[in-house]
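Chemist: whatever this is, show me its structure:
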Amino acid sequence: MKQCLKLILFTMSLIALVSCRASKIPKAPSIAKFSGCNEKNLSQKEINKCSNQKMMQYIYDCIQYPEGITAESLKGMVVIGFDVLPSGELDNVLINRQANLGIEEEVKECFINMPKWDPSISSTGEKLSTKHAVPVSFPPIRYR
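Modeler: Residues are numbered from 1 along each chain as shown. Sure, this is the predicted structure:
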């Protein structure tokens with residue numbers, strides 16, 4: 001249980017970590033996030049949690065496992081790096097860390113085909129390009 005909590009905190013901190021491509025880009029007060037959680041009655045913390053949950057559910061639902069393999073039978077983590085463009089599209093999707101699970105390319109493909117995100121927005125309202133890294137754990141961590 002303690003290890004799961006550490007992994008969840010690690011995952012959420014990586015998702016929240018935003019680094020700009022160039023020093024010319026102002027720091028973003030609004031970080032990029034998976035779309036679909038912008039209800040007006042949610043706090044920013046609740047929106048981020050909802051976004052993380054929806055993104056992970058999308059990933060685990062998207063993965064096509066080879067015959068005889070299930071998500072629960074795998075042990076390890078794949079870390080995917082990518083840019084969120086001002087348009088919300090994902091670009092430069094790369095496998096940053098492999099665990100030799102045999103499904104790393106499938107996880108990458110899920111990110112390549114992922115729906116648009118809500119991009120980061122600067123304090124002046126400008127949409128920004130931002131870099132992200134998302135760990136995808138196996139067996140899956142079920143967010144509550």
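
Chemist: where in this structure is pLDDT low?
Modeler: Across the chain, the ranges flagged by pLDDT under 70 are 1-29, 40, 142-144.

Chemist: max-length helix in it?
Modeler: Identified as the longest helix of the chain according to DSSP state H is helix 44-62.

Chemist: packing partners for the very next helix or strand once past that one?
Modeler: Proceeding N to C from helix 44-62, the next assigned helix or strand is strand 76-84, under DSSP states H and E. Packed against strand 76-84 by the contact rule (3 or more Cβ pairs under 8 Å, 6 or more residues apart in numbering; DSSP states H and E) you find strand 90-97, helix 104-112, strand 130-138. For the C-beta atoms, the positions are set from N, CA and C on the backbone; glycine is no exception.

Chemist: got the buried residues for the second one?
Modeler: When burial is assessed from 16 or more other Cβ atoms under 10 Å, helix 104-112 yields the following buried residues: 104, 107, 108, 110, 111.

Chemist: among these, which one lies nearest to residue 118?
Modeler: Ranked by distance to residue 118 (Cβ to Cβ), the buried residues of helix 104-112 are led by residue 111 at 16.0 Å.

Chemist: hmm, residue 93 and that closest one touching each other?
Modeler: Yes: when contacts are counted by Cβ atoms under 8 Å, residue 111 is listed as touching residue 93 (4.7 Å).

Chemist: identify the contacts common to those two.
Modeler: 80, 82 (Cβ atoms under 8 Å, 6 or more residues apart in numbering).

Chemist: circling back to that earlier point, now the helices and strands packed on strand 76-84 in TSV, with distance to residue 48?
Modeler: Output for the helices and strands packed on strand 76-84, formatted as TSV (distance: least, Cβ to Cβ, whole Å):
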stretch	distance to residue 48
strand 90-97	18
helix 104-112	19
strand 130-138	13
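
Chemist: distance check, residue 140 against residue 111.
Modeler: 16 Å (Cβ to Cβ, to the nearest Å).
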